[in-house]
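Enquirer: Could you look at this predicted model? Sequence included:
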Amino acid sequence: MAGHNILGTDGEKLAKGYLEELGFEILEENWVFKKSEIDLIAYKNSTIVFVEVKTRRNNTFAEPEDFVSPDKQKLMALAADEYIHLMGHQHEIRFDIISVLFDNFGKPVINHIEDAFWP
């Protein structure tokens, strides 16, 4: 597995643990529909949260969350619509971004952006 894939997988594991500590139930990991993948689908208080996780070793060029493009947001919305349909969910949903940035000592710093976008 390529280094950036390992980094991304590590970030997703950290994000999953972080959400679980906050009391979220993780419904799905790496859920795929057509050309879109949703990193984490979580549930809490009747709300389904579709989460994009972005992990970086540094923020020299931009913050990790800055790499969630409008195209990615549209693809996530398409997949979320399908997931909601399949599950028959009729309550609130939202789209969050969790960025994981490793500091100079290799310690992860997590930034959870709730309601990060609405595609």
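Expert: In hand now; what should we look at? Numbers count the residues shown, from 1 in each chain.
Enquirer: Give me the distance between the most centrally placed residue in the chain and D66.
Expert: Residue closest to the average C-alpha location in the chain (C-alpha atoms, centre = their mean): E52, at 2.2 Å. E52 sits at a distance of 12 Å from D66 (criterion: C-beta to C-beta, to the nearest Å). Quick note: C-beta positions are derived from backbone N, CA and C, even for glycine.
Enquirer: do the same with A15
Expert: For A15, the distance to D66 - C-beta to C-beta - is 17 Å.
Enquirer: These two - which one has more neighbours?
Expert: Comparing A15 with D66 by other C-beta atoms under 10 Å, the one with more neighbours is A15, at 28 against 13.
Enquirer: State the three-state secondary structure for the more buried one.
Expert: Three-state call for A15 (DSSP: H, G, I helix; E, B strand; the rest coil): helix.
Enquirer: again, but for A80
Expert: helix.
Enquirer: Worst mean pLDDT across the helices and strands of this protein, which element?
Expert: helix 3-21 (a mean of 85; mean pLDDT, DSSP states H and E).
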